[in-house]
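**Student:** Using only what follows, build the 3D model:
(one chain, ligands or ions: 1)
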Amino acid sequence: MSETIDTLLQENRKFAPSAEFVAQANINDATIYESADSDWQGWWTSWAEKLDWFKKWDTVLEWEQPFAKWFTGGKINACFNAVDRHVLAGRGDRVAWIAEGEPGDQRVFTYADVLTEVQKLANALKELGIGKGDRVCIYLGQGPELCLSMLACARIGAVHSVIFGGFSAQSIAERVNDQGAKLIITADGLWRRGKVIGLKKIVDDALDLECPTVEHVLIHERVGVVGHVTNGMAAPDYDRGMAIPGRDVWWDEIVELQSAECACEEMDSEDLLFILYTSGSTGKPKGIMHTTAGYLTGTSATSKLVFDLKDSDVYWCTADCGWITGHSYVVYGPMANGVTQVLYEGAPDTPDKDRFWRIIERHGVTILYTAPTAIRTFMKWGEEYPRGCDLSSLRLLGTVGEPINPEAWIWYQEVIGGGRCPIVDTWWQTETGAIMITPLPGIVSTKPGSATRTFPGVSATIYDEDGNDLVKTHGIPVGGLLVLNRPWPSMLRGIWGDEERYRQTYWSKFSDAYFAGDGAKLDEEGYFWLLGRVDDIMLVSGHNISTMEVESALVDHHSVAESAVIGKTHDVKGQSVAAFVILKGHVSPSEELKQELRAHVATKIGALARPDDLFFTAELPKTRSGKIMRRLLRDIAEGRVMGDVTTLADPGVVAALKGQYEDKEG
Ligand code: 6R9
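**Tutor:** Numbers count the residues shown, from 1 in each chain. This is a model prediction of the structure:
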């Protein structure tokens, strides 16, 4: 990378929250930023004090870089804070979950119901030999049983590790073996686009690959039960007779028999709460570790302030619990705040492309938190779907997962938010546990495509390759490498079983800060603009160009629904820009359009960024959480053998693209 990252795409629109929103916001006093900054340990302590403790901590922070211990000496339980305390406070009748299955089945759980179910499940886990510190893998579709499984583990001090429903047998075996899990919780299947994904069969295939530590598999009958009662649904491809006696146990045959009383384990603040695997761009997945008290502090504080949570809200985070977003902003953060939320099992286009908007209309959703990839897909499908539904209950919108292109941001604000809802663009990572850069919706004016400011108490800056703080040496505006230069309570505590890799990955590039792996720029007002993974940033004729900015310029064209841009090795320029473009539904590809799009990028950004190669495609390779896997596109463009594809949502996509690309090249 060269010294700094050039700022190319100009975006000058700015939106202040309405006076009405400000007046009712949980926080609307901007001095919070300075006060939290000047006493950041005191700020986080004030949030820890809002949790329920069996025993208060002795020390707020012990920091020996790269190892942080927060609230040491304290005793606490995450499940107690998410569930019990609301019931004990007389709020057991509040609805916790409104769960919709893809076939249309609905179940409602109050906090009291959740407490009953979680205690029964916790007792069942104990009967299956699970105790404090044991690892439990969870391989389920999004829904009540997935959340209950996480909470039941937390209740008894077991460590949960959720694996995205639909990952391959190979991926399961790798994760199960890395952590030596004793139990897998799964289901006969889940629905995705009207089809059944046979989860238990995939688990069986994983176990056939050798998972010596697994003693039991607990199976929830999801497809069987709903399939029998729902007319025309796919028949289950797994039934009771296929279970292996002694190893496999059906949920209703063990959980239903348990007592509904199971005390919470009193955990140390720093006891492990969960392991969640993230796939790096190279090497085997990393088991990111999060502990109990700091993680709860960070997720509950950010939930309350970023989403402006109120008792009157119906909150919906569309993320699956197989992703960190489901851990922090479905289960722990929102539930610690006692929210009422929607859980949805399936795809956004089943039975039709208005499913999300129907859910919002049906349940009166007030807060929607989703991903840019979903927003771009909805744009591609067309406005008629949201326009046909009543979305007037919405009051706040959020996004996470990728930089959001300004055009998608504006569409989200106008078409979904009706122009009245603030948008919180939240930057964070599996590793950070909680939101780090975000607007506070009652305070910060937003700019389309910018995640704006650090959350109070969080400190971030921009370094160059040599570890100089460019904000100090160069001033703003400036672009470079995003670092977090102060510990925070929900930070990862390491990588399971690999301390050296933890040091290497996050703490070796710079001696005094956490390197997030992302590029960012800070504008003249001190707003952060995230530019994507540093590995994805291109170096064209000596200039750093962010793939995200070229993609945003392409999406800005009225014919383009989505695009992915990569740097391809070039003899003269170092790298040249190659673009993969998905057109909107009604547009046909042509040579003229190709030239027009190349010219459009040159006009929006500059001739330097004009793509040398531009390919039309119907799909892009994405992870299950919707991130474009540019590394695979680079492999295709440079004719390499494809790297790890196990975390792709649809592995068929790369093969098709490769074929298409090679045809065009040849
Ligand atoms: C929560 C989550 C982390 C990476 C992160 C960055 C990208 C996430 C973003 C964003 C720009 C945002 N990312 N949110 N980039 N703006 N609002 O996504 O965790 O799956 O670990 O991914 O996602 O590149 O470094 P995870």
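**Student:** wait, Ala154 sits on His160?
**Tutor:** Yes. Taking Cβ atoms under 8 Å as the definition, Ala154 is a contact partner of His160 at 7.1 Å. For every residue, glycine as well, the C-beta is placed using N, CA and C.
**Student:** Please name the nearest non-neighbouring residue to the residue in the stretch 51-200 of the chain positioned nearest to the ligand.
**Tutor:** Per Cβ to the nearest ligand atom, the residue of the stretch 51-200 of the chain with the smallest distance to the ligand is Phe164, at 11.1 Å. Distances taken as Cβ to Cβ, 6 or more residues apart in numbering place Gly322 nearest to Phe164, at 3.2 Å, with adjacent residues excluded.
**Student:** Tell me who's in contact with the one you found.
**Tutor:** Each residue near Gly322 by Cβ atoms under 8 Å, 6 or more residues apart in numbering is listed here: Gln142, Val162, Ile163, Phe164, Gly165, Phe167, Arg624, Ser625.
**Student:** host element of it?
**Tutor:** Taking DSSP states H and E as the criterion, Gly322 maps to no regular element, lying outside all helices and strands.
**Student:** so how far is the ligand from it?
**Tutor:** Taken as Cβ to the nearest ligand atom, to the nearest Å, the spacing of Gly322 relative to the ligand amounts to 10 Å.
**Student:** what do you get for Lys286?
**Tutor:** Distance, Lys286 to the ligand, by Cβ to the nearest ligand atom: 10 Å.
**Student:** so what's that residue closest to, chain neighbours aside?
**Tutor:** In space, Lys286 comes closest to Ile495 once its chain neighbours are excluded; the distance is 4.8 Å by Cβ to Cβ, 6+ apart.
**Student:** Just give me the neighbour total for the one you found.
**Tutor:** 24 (other Cβ atoms under 10 Å).
**Student:** Please apply the same query to the one 4 residues further on.
**Tutor:** Glu499 has 12 neighbours, counted by other Cβ under 10 Å.
**Student:** Trp427 pairs with what?
**Tutor:** In this structure, Trp427 has beta-bridge partners Ile437, where bridges are defined by DSSP bridges.
**Student:** That one and Phe528 touch, don't they?
**Tutor:** Yes. Counting by Cβ under 8 Å, Phe528 is a contact partner of Trp427 at 7.1 Å.
**Student:** More neighbours: those two, which one.
**Tutor:** When Trp427 is set against Phe528 and neighbours are counted by other Cβ under 10 Å, the residue ahead is Trp427, at 27 against 24.
**Student:** Per-residue pLDDT of the more buried one, please?
**Tutor:** We note a pLDDT of 98 for Trp427 in this prediction.
**Student:** Ok, Pro441 next?
**Tutor:** The per-residue confidence score, pLDDT, reads 98 for Pro441.
**Student:** Tell me, how many residues neighbour it?
**Tutor:** By the criterion of other Cβ under 10 Å, Pro441 has 27 neighbours.
**Student:** Now do the strands in the stretch 551-666 of the chain.
**Tutor:** 560-570, 574-583, 613-616 (DSSP state E, counting those that start in this stretch).
**Student:** whoops, I mixed them up, the stretch 201-350 of the chain
**Tutor:** Assigned by DSSP E, counting those that start in this stretch, the strands in the stretch 201-350 of the chain fall at 216-220, 248-250, 267-268, 272-278, 286-291, 314-317, 340-344.
**Student:** With mean pLDDT and distance to Arg630 as new columns, can those strands be given to me in JSON lines?
**Tutor:** Supplementary listing: the strands of the stretch 201-350 of the chain in JSON lines, determined by pLDDT from 0 to 100; distance: least, Cβ to Cβ, whole Å:
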{"stretch": "strand 216-220", "mean pLDDT": "97", "distance to Arg630": "36"}
{"stretch": "strand 248-250", "mean pLDDT": "97", "distance to Arg630": "40"}
{"stretch": "strand 267-268", "mean pLDDT": "98", "distance to Arg630": "40"}
{"stretch": "strand 272-278", "mean pLDDT": "96", "distance to Arg630": "16"}
{"stretch": "strand 286-291", "mean pLDDT": "97", "distance to Arg630": "19"}
{"stretch": "strand 314-317", "mean pLDDT": "98", "distance to Arg630": "26"}
{"stretch": "strand 340-344", "mean pLDDT": "98", "distance to Arg630": "29"}
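**Student:** Tabulate these in CSV, adding columns for mean neighbour count and distance to Asn485.
**Tutor:** Putting the strands of the stretch 201-350 of the chain into CSV (neighbours: other Cβ atoms under 10 Å; distance: least, Cβ to Cβ, whole Å) gives the following:
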stretch, mean neighbour count, distance to Asn485
strand 216-220, 24, 43
strand 248-250, 19, 48
strand 267-268, 22, 27
strand 272-278, 24, 22
strand 286-291, 24, 20
strand 314-317, 24, 29
strand 340-344, 23, 34
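**Student:** Report pLDDT for the residue in the stretch 551-666 of the chain positioned nearest to the ligand.
**Tutor:** Scanning the stretch 551-666 of the chain for proximity to the ligand using Cβ to the nearest ligand atom identifies Ser625 as nearest, at 5.4 Å. pLDDT, the model's per-residue confidence, is 80 for Ser625.
**Student:** Against Gln429, how distant is it?
**Tutor:** Between Ser625 and Gln429 the distance, using Cβ to Cβ, to the nearest Å, works out to 12 Å.
**Student:** My guess is Arg222 contacts Asp188. True?
**Tutor:** Yes. Contact criterion Cβ under 8 Å: Arg222 and Asp188 qualify, at 6.1 Å.
**Student:** pLDDT weak spots in the protein?
**Tutor:** Scanning the chain for pLDDT under 70 picks out 1-9, 227-236, 280-283, 642-647, 664-666.
**Student:** remind me, longest helix of it?
**Tutor:** helix 111-127 (DSSP state H).
**Student:** So which bits of that one are buried?
**Tutor:** In terms of neighbour count (16 or more other Cβ atoms under 10 Å), helix 111-127 has its buried residues at 111-126.
**Student:** Equivalent analysis for stretch 33-41, please.
**Tutor:** Tyr33, Ala36, Trp40.
**Student:** next one: it to chain centre, how far?
**Tutor:** In terms of Cα atoms, centre = their mean, to the nearest Å, the gap separating the centre of stretch 33-41 from the centre of its chain is 27 Å.
**Student:** again with stretch 58-66
**Tutor:** 27 Å.
**Student:** How about residues contacting that stretch?
**Tutor:** Outside stretch 58-66, the residues that touch it by Cβ under 8 Å, 6+ apart are 41, 44-45, 48, 68-74, 487, 502-503, 506-507, 512, 514.
**Student:** Leu151 contacts Gln119, correct?
**Tutor:** No. Under the criterion of Cβ under 8 Å, Leu151 makes no contact with Gln119, lying 9.9 Å away.
**Student:** Was I right to think Val365 contacts Cys317?
**Tutor:** No. Using Cβ under 8 Å, Val365 makes no contact with Cys317, being 10.4 Å away.
**Student:** Tell me where the stretch 401-550 of the chain has strands.
**Tutor:** With DSSP E, counting those that start in this stretch, the ranges of strands along the stretch 401-550 of the chain come out as 423-425, 460-463, 478-484, 494-495, 514-522, 528-533, 538-540, 543-545.
**Student:** what's the longest one packed up against?
**Tutor:** So that's strand 514-522. Contact here means 3 or more Cβ pairs under 8 Å, 6 or more residues apart in numbering; DSSP states H and E; on that basis strand 514-522 packs against strand 460-463, strand 478-484, helix 499-507, strand 528-533.
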